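1. okay, here's the prediction I keep looking at, along with the sequence it came from:
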Amino acid sequence: MTATAEQKMQFLYAIRSKGVTDQRVLTAMEKIDRGPFVRGVFSERAYEDTPLPIACGQTISQPSVVGLMTQALEVQPRDKVLEVGTGSGYQAAILSQLARRVYTLERHRRLIREAQSIFDQLNLSNVTAMTADGSRGLPDQAPFDRILVTAAAEDPPGPLLAQLRIGGIMVLPVGQSDAVQSLIKVTRTETGFDYEELRAVRFVPLIEGLGQD
Ligand code: SAM
């Protein structure tokens with residue numbers, strides 16, 4: 001499914017009206033059609049500003065939240081970015097438009113297979129998608145300029161903090177999985193970490209280990 005001109009206009013209007021104003025982020029979200037990332041009965045709702053179910057009992061995030069998280073990450077063209085929680089692959093595809101290289105980790109093999117086939121169709125050659133427990137990060141490729149986590153942990157995982165470059169930014173939801181969580185922005189300084197609380201959000205939990213499927 002691809003968006004009609006009217007669907008695209010309404011989609012971008014909804015995102016802008018929720019506070020996504022960074023032109024590079026808006027351009028990336030205009031370019032990457034959300035349709036291919038939503039399958040089955042929910043595909044008709046791909047252009048609504050709402051989270052939707054995907055395989056393995058997971059969700060594709062609400063587009064305005066994707067936009068706000070991407071905006072808060074302040075991605076620069078030379079950046080190497082780590083995403084934890086590939087899900088449908090939509091967020092990684094947006095990041096691929098803004099960064100030099102994107103590594104995205106997902107604990108469900110099936111989701112990686114499905115996301116990879118969309119990355120291939122779209123020729124997104126700067127995205128590397130892997131089945132892995134993202135709470136451990138990707139030590140082989142560290143340090144990262146930016147880290148985006150799209151599942152909620154009670155606290156920022158230590159390995160991810162350690163894999164953030166000095167001057168780097170990490171955006172992630174923190175809090176109990178059954179409650180409203182806080183989206184936070186962590187900046188690594190020469191001497192430690194600065195924390196800024198951005199807004200209330202609701203994400204599926206960050207779970208250690210690999211999934212069954
Ligand atoms: N970024 C996704 C997108 O654009 O569709 C949305 C991700 S969904 C809200 C969160 C994802 O994080 C789920 O697919 C879940 O399986 C994954 N996840 C949870 N714990 C994980 C872990 N330890 N390592 C990797 N992925 C994990």
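-> Alright, I've got the coordinates. Residues are numbered from 1 along each chain as shown.

2. could you use CA atoms for every contact and neighbour count after this?
-> OK.

3. show me what stretch 141-159 is in contact with.
-> 69, 73, 75, 79-86, 135-137, 160, 163-165, 167-177, 181, 203-206 (Cα atoms under 8 Å, 6 or more residues apart in numbering).

4. what about it, start to end distance?
-> Start-to-end span of stretch 141-159 (Cα to Cα, to the nearest Å) is 13 Å.

5. mean confidence for that stretch?
-> The pLDDT scores in stretch 141-159 average 97.

6. report the buried residues of it.
-> Using 16 or more other Cα atoms under 10 Å as the test for burial, stretch 141-159 gives 142-153, 156-157.

7. now residue 23: how far from the ligand?
-> Remark: distance between residue 23 and the ligand (Cα to the nearest ligand atom, to the nearest Å) = 20 Å.

8. distance-wise, check that residue relative to residue 64.
-> Going from residue 23 to residue 64 by Cα to Cα gives 14 Å.

9. who has more neighbours out of those two?
-> Taking neighbours as other Cα atoms under 10 Å, residue 23 and residue 64 compare with residue 64 leading, 23 against 10.

10. for that one, phi and psi?
-> Backbone torsions of residue 64, given as degrees, to the nearest 10, read phi -70, psi -30.

11. mind putting the buried residues of stretch 141-159 in a markdown table, distance to residue 106 included?
-> Formatted as a markdown table, the buried residues of stretch 141-159 follow (distance: Cα to Cα, whole Å):
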| residue | distance to residue 106 |
| --- | --- |
| 142 | 17 |
| 143 | 19 |
| 144 | 17 |
| 145 | 20 |
| 146 | 17 |
| 147 | 14 |
| 148 | 13 |
| 149 | 11 |
| 150 | 10 |
| 151 | 10 |
| 152 | 14 |
| 153 | 15 |
| 156 | 17 |
| 157 | 15 |
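
12. what number of residues lie near residue 171?
-> Neighbours around residue 171, by other Cα under 10 Å: 27.
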